[in-house]
Each structure stands twice: as C-alpha cells, then as structure tokens.
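[1] next come a sequence and a model predicted from it.
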Protein chains: 2
Amino acid sequence: MDVFLKTVSALNDETRILILRFLDEYGDSCVCDLQTSLDMIQSRLSRHLKILKEAGFLRVERRGTWAYYAIRSPLDRFRSEALEEIRHLDITLPPLQKTSQTGACKL
Amino acid sequence: MDVFLKTVSALNDETRILILRFLDEYGDSCVCDLQTSLDMIQSRLSRHLKILKEAGFLRVERRGTWAYYAIRSPLDRFRSEALEEIRHLDITLPPLQKTSQTGACKL
DNA sequence: ACAATATATCAACATATGTTGATTTAATGA
DNA sequence: TCATTAAATCAACATATGTTGATATATTGT
C-alpha cells in the first residue's frame, strides 16, 4: 500500500509531471540546468526531485558539484505505464538550456 | 494533462483505494452496503464515490432509492494498470454486508 | 583555509484536500 | 400529502502539501 501510494502521490503534481516529461525528453540533467530551462526556483526543484527519487522514478548521480537526475531504468510496470501516459500529454516543453557547460549557471 | 491528473489524484487516497478494491472484489454495491461493510460515515463515502466516478473509475446506476456503484468496464489502459496494482496490495478487506436486502440499512 | 558555486534543507505561509455533522434532495409507500 | 429512508451537498474544521526566501551543506579551485 505504502509504495503504491507514494508512487501515485509523486505523480499527483503538475510540476513533477513536467520534470518527468523533461527528463524523459532530454535525458539526464543537473538541477542547475533544470532550473534555467524550467524557470524554477532551486529549492522548489530540489523538493520535487527528491520526491520523484524517493518514489522510484528518478536516480541521482553526483558529478563534482553537480547532481544529475535521470529517469530510472528500467521502471517497473506501473511507473512505466504512468510515464507512457505522461509522454502523450499535451505539454509545451521548454527548450533545454545547458548553462552548466558554459559556467553561466550562477545561482 | 487535466484528465491524467484527475485520474492520479483520485488514486491518491487510502479510502478510495479501499473502495476500489472492495468493488473489484465484491462487485456492485449501494452506498448503504458500502457504509456498513466499510464502517464509514455516509457523507464520507459519497464524497469519495463521486471523486472516483468523475475520475472515470466508477459508474453509478440508480435502482429505486439506492445508488449502485461499480467499477466501470472496460477501463482504459492506465486505469486498468492502476487497478491491477491495487489488486495486489496487502489490504485486509472487510466482509461484504448486504444490509440493504433485509431493510436493516437505516442510516 | 578561504572563496565561490551547486544543491539540500528549513521555516513560514498559503492553498488543497479529507473528515464530520447538519441539511438538502430524491425516491418510495402508506 | 406526509413519513421514511437513501444519497448528495454544505459548512466548519484539521491536516497535508506546495511555494518562497533564508540558511546549511558539499564540492571544487586558489
């Protein structure tokens, strides 16, 4: 029960759906790039990334000062199906902005 | 987006998961019987049944004074998958009590 | 060690959602 | 029409969750 509810609860937010969709489309991203691309305050992003991670949707990998988040693979059946639904939602995805590469990522 | 979020939001509650599991196990039930079997206040049940119905999980059929709720069929892919998950959750389902038959269902 | 930057966490607040008891609406039968 | 019962809705309250700005932690380079 707990695991299922946590999974569902993680899906129950527009911000997190957008994040999932973004990572699904563009692949691994550091918080910094997500912040620029999605135009979100850093604490807000961290919160949602943590929830998605703890719900089993994402994994994190630390590279230097950066934390790269990515969709976990392989996802189990239910999470995969949820992601598939999200893929077909009518969302206007913002372009990927890799400010972390250029060093222009100062918070 | 709206439809998906509404679906997910409907799943995001223990009470509603229990109701879905119950109806999946025992089939159509009137609010009255659900109330007795699940030991829930009537207004609480009505609320959750409405949410589940509007989210596309349930259908209602009025028979006399009674409103019989049942899992909609066929469910679409995502809702089916969700129901399948719910089927495998570790929930101790209370026994079905058909008080509506005996007339002992006074609220 | 210190400065700079990336990320995580915290506290305060606002909004959303669930619960309950009361009231309203609907259907049936005398 | 009136009484009875089932179900829906409402109002008040409590709890959960999201947002924001501030602070803490972590990593790198000087």
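    Perfect, I can see it now.
[2] state the distance from A:Leu20 to B:Glu54.
    24 Å (Cβ to Cβ, to the nearest Å). In this view, the C-beta of every residue, glycine as well, is placed from N, C-alpha and C.
[3] could you pull out the strands for chain A?
    Using DSSP state E, the strands found in chain A span residues A:29-30, A:58-63, A:66-71.
[4] closest one to DNA strand D among the ones you listed?
    Of all the strands of chain A, it is strand A:58-63 that lies closest to DNA strand D, at 6.2 Å by Cβ to the nearest atom of the strand.
[5] pull out the buried positions in the closest one.
    Buried residues in strand A:58-63, counted by 16 or more other Cβ atoms under 10 Å in any protein chain shown: A:Leu58.
[6] which strands or helices does that strand pack on?
    Helices and strands touching strand A:58-63, by 3 or more Cβ pairs under 8 Å, 6 or more residues apart in numbering or on different chains; DSSP states H and E, are helix A:42-54, strand A:66-71.
[7] what about 10 Å?
    In terms of contacts (3 or more Cβ pairs under 10 Å, 6 or more residues apart in numbering or on different chains; DSSP states H and E), strand A:58-63 is packed against helix A:14-26, strand A:29-30, helix A:42-54, strand A:66-71.
[8] so is the second one next to DNA strand D?
    The one in question is strand A:29-30. No: looking at strand A:29-30 against DNA strand D by Cβ under 7 Å from any atom of the strand, there are no contacts, and the closest approach is 12.4 Å.
[9] contacts for that strand next, please.
    A:19, A:22-23, A:35-38, A:49, A:60-70, A:96-101, A:105 (Cβ atoms under 10 Å, 6 or more residues apart in numbering or on different chains).
[10] what do you get if the cut-off is 8 Å, keeping everything else the same?
    A:Phe22, A:Leu23, A:Ser37, A:Arg63, A:Trp66, A:Ala67, A:Tyr68, A:Tyr69, A:Ala70, A:Leu96, A:Ser100 (Cβ atoms under 8 Å, 6 or more residues apart in numbering or on different chains).
[11] now swap in the last one and tell me
    Defining contact as Cβ under 8 Å, 6+ apart, one finds that strand A:66-71 is touched by A:20, A:23-24, A:27-32, A:34, A:49, A:52-53, A:57-62, A:83, A:100.
[12] again, only using 6 Å
    A:Leu23, A:Asp24, A:Asp28, A:Cys30, A:Val31, A:Leu49, A:Leu58, A:Arg59, A:Val60, A:Glu61 (Cβ atoms under 6 Å, 6 or more residues apart in numbering or on different chains).
[13] for the fifth one, what are its contacts?
    In this structure, A:Val31 makes contact with A:Leu45, A:Ala67, judged by Cβ under 6 Å, 6+ apart.
[14] let me know the pLDDT of A:Gln101.
    For A:Gln101, the model assigns a pLDDT of 61.
[15] that older thread, so which pair among the contacts of strand A:29-30 is furthest apart in space?
    A:Phe22 and A:Arg63 (18.8 Å; Cβ to Cβ).
[16] ok so, going back, can I get the contacts of strand A:66-71 in TSV including pLDDT?
    TSV is the format used below for the contacts of strand A:66-71 (pLDDT from 0 to 100):
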residue	pLDDT
A:Leu23	98
A:Asp24	98
A:Asp28	96
A:Cys30	97
A:Val31	97
A:Leu49	98
A:Leu58	98
A:Arg59	98
A:Val60	98
A:Glu61	97
